[in-house]
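Asks: I'll drop the sequence and a predicted model, then ask my questions.
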Amino acid sequence: MIDAKSAAFTPEDKSDKCVAILNFAGGGLKVTSKDCDGYCGMNAEGSMDGAYRKKLPRK
């Protein structure tokens with residue numbers, strides 16, 4: 001955890017430079033990643049980045 005509203009993922013392998021920052025605010029999640037293309041492939045770089053919200057059930 002960085003603070004009450006954010007967290008960071010860094011691999012245990014210190015030679016791996018992947019960093020993913022998770023920001024929890026407004027009932028959602030914002031993901032920002034850097035140098036994580038080794039996990040999803042070169043063409044998927046940045047594919048995890050974005051804002052996510054829990055889908056509300058239909059009434």
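Replies: Okay, I see it.
Asks: on the three-state scheme, the residue most central in space within the chain is what?
Replies: Taking CA atoms, centre = their mean as the criterion, residue 31 is the residue nearest the geometric centre of the chain, at 3.4 Å. Following DSSP: H, G, I helix; E, B strand; the rest coil, residue 31 is assigned to strand.
Asks: can you give the contact residues for the helix or strand bottoming out on mean pLDDT in the chain?
Replies: Across the helices and strands of the chain, the lowest-confidence element by mean pLDDT, DSSP states H and E is helix 37-40, at a mean of 74. Taking CB atoms under 8 Å, 6 or more residues apart in numbering as the criterion, the residues outside helix 37-40 that touch it are 16, 18, 44-45, 47-48. C-betas here are computed from N, CA, C, even on glycine.
Asks: got a list of what the residue of the chain positioned farthest from its centre touches?
Replies: Residue distances from the centre of the chain (CA atoms, centre = their mean) peak at residue 59, which lies 30.3 Å from the mean C-alpha position. Applying CB under 8 Å, 6+ apart, one finds that residue 59 lies in contact with no residue.
Asks: so how far is residue 22 from the nearest residue to the residue nearest to the centre of the chain once chain neighbours are set aside?
Replies: Nearest residue to residue 31, sequence neighbours excluded (CB to CB, 6 or more residues apart in numbering): residue 48, at 5.3 Å. Here residue 48 is placed at a distance of 10 Å from residue 22 (CB to CB, to the nearest Å).
Asks: overlap of the contact sets of these two?
Replies: Shared between the contact lists of residue 48 and residue 22 (criterion: CB under 8 Å, 6+ apart) are residues residue 31.
Asks: okay, these two: which has more neighbours?
Replies: When neighbours are counted by other CB atoms under 10 Å, residue 22 comes out ahead of the other of residue 48 and residue 22, with 17 against 14.
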